[in-house]
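Engineer: Pasted the sequence and its predicted model underneath.
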Amino acid sequence: MPLGPSLLSLGAAALYGVVLTACLAAAIAARRNRQAAWHLRCWLAFALLLAALAILRVVDFEDLFRDHLREMLRSSGSYEYRRTMQRPIAIAVLGIAAIGFGLVVLLFTRLARARRDVAVLAGGAAMSAMLLILVLRLVSYSPLDRILFGPLKLHWIIDLGSALTIMGSAAGYIWLVRQRP
């Protein structure tokens, strides 16, 4: 296994930096144009999460975490039973994600009064997808890994697609805020 992050991880971290900048620009636009306070808080939260995700990519956190966990399981003699531990964790993560999705839909129906609200909520949905993919990669459960890391590289598609969705939402938000009389 190569030491340090791959070029793809470094590229993802750089993309996160660009998206983070777009989120900060959206936060500035929200503040300058006196938008709802939750808009500003959301864009700042997205920027903070993207900064954290970029740092995790640069320090190769996912591989370090999985290697440390494997070593811990080997030293305790539990490595061959890891699947029985991973399965309920994966089910719990997916269950929490399903509940979270339901709550986001509920929140969306309550908060989405204008297109600016929709842009913020779309960014939040994409951010949630990025965090879910991170957690699923950390759980590293074989049946999920075959889907995520298979020939389609679904984990990259979701991760990068979500980042681009956040950036598009931020850009759209800025445009909408500036169009407002």
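Structural biologist: Noted; the coordinates are in hand.
Engineer: Look up phi and psi at residue 65.
Structural biologist: When read as degrees, to the nearest 10, the backbone of residue 65 gives phi -60, psi -50.
Engineer: wait, it sits on residue 140?
Structural biologist: No - with contact defined as Cβ atoms under 8 Å, residue 65 does not reach residue 140; the gap is 9.2 Å. The C-beta positions use only the backbone N, C-alpha and C, and glycine is treated the same way.
Engineer: Which of these two has more residues huddled nearby?
Structural biologist: Taking other Cβ atoms under 10 Å, residue 65 and residue 140 do not tie; residue 140 has more neighbours (19 against 14).
Engineer: What strand or helix carries the spatially closest residue to the more buried one that is not a sequence neighbour?
Structural biologist: Excluding its sequence neighbours, the residue lying closest to residue 140 (Cβ to Cβ, 6 or more residues apart in numbering) is residue 66, at 5.6 Å. Using DSSP states H and E, residue 66 sits in helix 61-76.
Engineer: count of residues packed around the residue nearest to residue 140?
Structural biologist: Residue 66 has 14 neighbours, counted by other Cβ under 10 Å.
Engineer: could you dump stretch 32-46 to PDB, C-alpha only?
Structural biologist: Extracted C-alpha coordinates of stretch 32-46, given in PDB (Å, rounded to 0.1, in the frame of the first residue of the first chain):
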ATOM      1  CA  ARG A  32     -24.400  41.300   2.800                       C
ATOM      2  CA  ASN A  33     -27.900  40.900   1.400                       C
ATOM      3  CA  ARG A  34     -29.500  40.300   4.800                       C
ATOM      4  CA  GLN A  35     -30.800  36.800   4.100                       C
ATOM      5  CA  ALA A  36     -32.200  34.500   6.700                       C
ATOM      6  CA  ALA A  37     -29.700  33.700   9.500                       C
ATOM      7  CA  TRP A  38     -30.000  30.000   8.800                       C
ATOM      8  CA  HIS A  39     -28.700  30.500   5.300                       C
ATOM      9  CA  LEU A  40     -25.500  32.100   6.700                       C
ATOM     10  CA  ARG A  41     -25.100  29.300   9.300                       C
ATOM     11  CA  CYS A  42     -25.600  26.600   6.700                       C
ATOM     12  CA  TRP A  43     -23.000  27.900   4.300                       C
ATOM     13  CA  LEU A  44     -20.500  28.400   7.100                       C
ATOM     14  CA  ALA A  45     -21.200  24.900   8.300                       C
ATOM     15  CA  PHE A  46     -20.700  23.500   4.800                       C
END
